[in-house]
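A.B. asks: build me a structure from this.
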Amino acid sequence: MDLDDFRRRIRESIAYVTASNNNSQWQVDDYTDRFELNVTQILNICAPLRSTTKRVGIHTSRFLSEEARSAKQACRRAKRRFRRTGFISDKANYKKARKTERLLIDESRVSQIRKNIAEADGDPKRL
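C.D. replies: Purely as a prediction, here's the structure:
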């Protein structure tokens, strides 16, 4: 935001000019309303509001068992090691860790779904 432009616009606004002249016939409430309107208009010109969308990902580890979480951690560790060294043995360890991780995550999700179905107890709204 250009502060000099903002200050200039404020000084040129009707509310500022009227306040600097002592012969103003405005009531206090009218003056504050006018001042607020002027400042809002100037801010919309000098610093318009920006809206952003924050994307929220799916938290896959929320329903994972401890075993699945540790397998996921081991897989990430093996992947970092393979990327760092580039050895074929590290690649094999990474592939093995990735396979174990996928199996445990799938098992954990299936057990969570079964648990949700059992807790719903025939009530489809609870699913």
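A.B. asks: spatially central residue for this protein, please.
C.D. replies: Here the mean C-alpha position of the chain is nearest to the C-alpha of residue 54 (CA atoms, centre = their mean), at a distance of 3.9 Å.
A.B. asks: so that one: helix, strand or coil?
C.D. replies: The three-state label given to residue 54 by DSSP: H, G, I helix; E, B strand; the rest coil is coil.
A.B. asks: that one and residue 110: what is the separation?
C.D. replies: For residue 54, the distance to residue 110 equals 31 Å [CB to CB, to the nearest Å]. The C-beta positions use only the backbone N, C-alpha and C, and glycine is treated the same way.
A.B. asks: so, low pLDDT: which residues of this structure?
C.D. replies: Residues of the chain that meet the criterion pLDDT under 70 lie in 15-26, 58-61, 127.
A.B. asks: what are the ranges of the helices in the protein?
C.D. replies: Along the chain, the stretches classed as helices by DSSP state H are 3-12, 14-20, 28-46, 66-85, 88-120.
A.B. asks: got CSV for these, with distance to residue 126 too?
C.D. replies: Rendered in CSV, the data for the helices of the chain read as follows (distance: least, CB to CB, whole Å):
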stretch, distance to residue 126
helix 3-12, 55
helix 14-20, 58
helix 28-46, 47
helix 66-85, 25
helix 88-120, 4
